[in-house]
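[1] Output the structure for:
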Amino acid sequence: MKLIHRIGYYLGGFSIGLVILFFFLGGKKVSCDYGPNARTVKNIGIKKRIYNDDVRATMLNHGLDTLAISDLIRTGTINFSESDARAEGCKTYILENDWDEKDVRMQIQNCDSTATIQTLSIK
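    Prediction:
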């Protein structure tokens, strides 16, 4: 079999596989979170959130609601150098983002079933 025929068979099978893949995965929220930041943010994002009283007051002062906090968590980055990711039980993460041209910093305690936002600072 000539090389050109082999390449043709390969490309034909590859293209059929891509069409089938797009057909099955099209329209679904499929994500591949490989990096530590993406995995941690996704883990925090899917859990029930508990807001500290100080955090609720800060949210009220700056006009933030829980939807805005969810968006800040989803698009934020974890500062692993200041986080306590090796703790037993609940791990504490520092999440940083920007909102309305201000720096936002959250300290989030990530437990098995809940994520408690302990501090929220907006500067």
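[2] Asn97 touches Val104, doesn't it?
    Yes - Asn97 is within contact range of Val104, at 4.8 Å (criterion: Cβ atoms under 8 Å). Any C-beta I mention is one placed from the backbone N, CA and C, and that applies to glycine too.
[3] Show me which of the two is the more surrounded one.
    The neighbour comparison of Asn97 against Val104 (other Cβ atoms under 10 Å) goes to Val104, with 21 against 16.
[4] SS state for the closest residue to Asn52 other than its chain neighbours?
    In space, not counting the residues next to it along the chain, Asn52 is nearest to Gln118; the distance is 5.4 Å by Cβ to Cβ, 6 or more residues apart in numbering. For Gln118, the secondary-structure state derived from DSSP: H, G, I helix; E, B strand; the rest coil is strand.
[5] Enumerate every residue touching Gln118.
    52, 55, 92, 107-109 (Cβ atoms under 8 Å, 6 or more residues apart in numbering).
[6] Strands of this protein, residue ranges please.
    For the chain, the strands defined by DSSP state E cover 48-51, 77-78, 91-99, 102-110, 114-122.
[7] So for Ser70, which of the ones you listed sits nearest?
    Nearest to Ser70 among those is strand 48-51 (7.8 Å), distances taken as Cβ to Cβ.
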